[in-house]
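Undergrad: Need a 3D model of the following:
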Amino acid sequence: VFSFLSFSYIGSAVVVYQSSKKNLYENIDTTLYQGATLIDLVLTKEFHNKATTSGAISHEEDLENIKKLSKLAQNLNIAYLYSMVQYENEIYFTSSSATKEDFEEKKITHYFDKYDSATPSLLELLKNNTVVYEESTDSWGTFRSVLIPVTTDQGKQYILGADIRMDVIEENLDQILQEIVFFVTLFIILLSIILFWYRALLKKELNDIK
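TA: So this is what the prediction gives:
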């Protein structure tokens, strides 16, 4: 009985973990999507109509965009918010947030910096015109990202993106796992105490009958 109940509870705990993991990813993806779509509200309406070639955006405007997106990313607890365009089969940033460390180390991504770590799904994004969620690694780290294809009223195509670091996601999953392990352990301890008490009571009753 003890083994059956323990295994049943552990099986239920596995189901709870998988459900919690699914809910966590759904919440993260929602945050990523909402964050990425807010980029268009932060930048000017005409920004992506003109941000298609090198030199189209001034250094001053680029710095202002970096500051705005960095503040938004910080408020949303998102690692990076950015937009990109595809030019001559290559991917270029048109805007990007920066972390505190990026500012301190002067590793800020500027307008029309080439993105050398473009994944196959990113390169095909505008052609397929489909929102993509993916996990990838580049020089900034390992992230879960959303990539959203957008077309302006003038027919200019660009990509909105948002990243959350995978180590943050893994920390959340570890916390969920620790809580489940705690309750499983507590259940098994309580079950052991109850069974021990029940056996002792049963043994006493049998002795009284004798």
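Undergrad: The lengthiest strand in the chain pairs with which strands?
TA: Longest among the strand segments of the chain by residue count, using DSSP state E, is strand 141-151. Sheet pairing for strand 141-151, assigned by DSSP bridges, gives strand 132-138 (antiparallel), strand 157-165 (antiparallel).
Undergrad: between those strands, which one is nearest to residue 27?
TA: Minimum separation from residue 27 across these (Cβ to Cβ) falls at strand 157-165, 10.6 Å. No exception for glycine: its C-beta is placed from N, CA and C like everyone else's.
Undergrad: Check which element follows the closest one along the chain.
TA: Proceeding N to C from strand 157-165, the next assigned helix or strand is helix 166-209, under DSSP states H and E.
Undergrad: Remind me what that next one packs against, helices and strands.
TA: Using 3 or more Cβ pairs under 8 Å, 6 or more residues apart in numbering; DSSP states H and E as the contact criterion, the neighbours of helix 166-209 among helices and strands are helix 2-42, strand 141-151.
Undergrad: Give me the buried positions along the shortest one.
TA: Going back to what we said before, that points to strand 141-151. Judged by neighbour count (16 or more other Cβ atoms under 10 Å), strand 141-151 contains these buried residues: 143-150.
Undergrad: repeat for stretch 32-51
TA: Residues of stretch 32-51 classed as buried: 32-33, 35-36, 38-40, 42-43, 47-48, 51 (neighbour count, 16+ other Cβ under 10 Å).
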